[in-house]
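1. task: produce atomic coordinates for the following.
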Amino acid sequence: MGSRKFVALLSLGLAAPCSSVYAQPGVTTFGVQVKPVFPFSYFDPSIELSRPNLSGTVELTGGLAFGMSVRVGLTKAISLETGLGQIKRSYGFHLRNDTSGYAEGSNFQYIGYELPVTALVYIRLGEQTFMNAALGFSADFYPSDIQRDIEEGRIYVFRNNWVQVGVIGNMGVEYRTYKSGTFYIGATFHRPFGPMATAQLSYYDVDRSFLEYPMRGLLNGSYLTGDIRYYFHEDPEFRKKRKEKK
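-> Got it, this is the predicted structure:
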């Protein structure tokens, strides 16, 4: 599914009639989430680099995101969702020298942190089952560059900015229990505004005395995840007492 179609579908879900929507005004719910990263060719997960007698590739192979999620009920139609998470993008790279016949590859992880803010709408499917759609933005933080050496080469990934903004969309289905909390499964699309980092793949001679032909390309950082979440149960009696105090 293309990124434009995914965002359009999310926007349609957010525009659903309020009569079919269910939220919890004034209730703050805390949860945890795990999100495996799936590389798809449409999102440009790989780059190809070349210079005379040299070639290389850098490709997103997967990853894992995890963290906490917070929902705040604003009205019966809309909730606000935020949180804080870490994402580890896994990459594989390969370097080839056609003159010497040298070819080698390895892998590395690029770590970032995300602070999303999205508007969330629930659509009731059953007594305890709900579908939701969310759309918003994320502040993405990159704490450092990364370097990985191989026998006759090296990859160095430069962060373009220590923080950048991206668009984030989510769709999923959740099951709410009366005493055990909420169980959720869904998918998230994340696309930064602009390239995430610059990858420089370089070839060295055997004794590594000088650098030959560095090659550079841009990593866009877009990804799609499968989401598994759990939201903790809030005691109705505690919620009632809190409302009475207010």
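2. how about the contacts made by the one residue sitting closest to the centre of the chain?
-> Among the residues of the chain, the one closest to the centroid is His190, at 5.2 Å (Cα atoms, centre = their mean). Applying Cβ atoms under 8 Å, 6 or more residues apart in numbering to His190 gives the contacts Glu114, Ser138, Gly166, Val167, Ile168, Gly221, Ser222, Tyr223, Leu224, Thr225. C-beta here means a position set from N, CA and C on the backbone, and glycine is covered the same way.
3. switch the cut-off to 10 Å
-> 35, 37, 43, 65, 87, 114, 116, 138, 140, 166-170, 221-225 (Cβ atoms under 10 Å, 6 or more residues apart in numbering).
4. that one is in what secondary structure piece?
-> Element membership of His190, judged by DSSP states H and E, is strand 182-192.
5. run through this structure and note the low-pLDDT ranges.
-> By pLDDT under 70, the low-scoring segments of the chain are 1-24, 206-212, 234-246.
6. tilt between the longest strand belonging to it and strand 182-192?
-> The residue-count maximum for a strand in the chain (DSSP state E) belongs to strand 102-124. For strand 102-124 against strand 182-192, the angle by axes from the mean of the first three to the mean of the last three Cα atoms, to 10 degrees is 130 degrees.
7. tell me the buried residues in strand 102-124?
-> Neighbour-count burial for strand 102-124, counted by 16 or more other Cβ atoms under 10 Å, picks out 102, 105-106, 108, 110, 112-114, 116, 118-122.
8. circling back to that earlier point, just the contacts of His190: which are in helices?
-> Assignment to helices by DSSP state H places none of the contacts of His190 there.
9. contacts only, for Leu224.
-> 1, 3, 6, 35-40, 42-43, 45, 187-191.
10. and these, which are buried?
-> Counted by 16+ other Cβ under 10 Å, these give Phe6, Lys35, Val37, Pro39, Phe43, Pro45, Ala187, Thr188, Phe189, His190, Arg191 as buried.
11. what is the burial count for the closest residue to the third one other than its chain neighbours?
-> When you say that, I think you mean Val37. Leaving out its chain neighbours, the residue that sits closest to Val37 by Cβ to Cβ, 6 or more residues apart in numbering is Gly63, at 3.4 Å. For Gly63, the count of nearby residues is 21 (other Cβ atoms under 10 Å).
12. with Glu151 instead?
-> For Glu151, using other Cβ under 10 Å, the count is 11.
13. what pairs with the closest residue to it other than its chain neighbours across the strands?
-> Ranked by Cβ to Cβ, 6+ apart and with sequence neighbours excluded, the top spatial neighbour of Glu151 is Glu104, at 5.9 Å. Under DSSP bridges, the beta-bridge partners of Glu104 are Leu95.
14. any idea how far Pro192 is from Glu104?
-> 30 Å (Cβ to Cβ, to the nearest Å).
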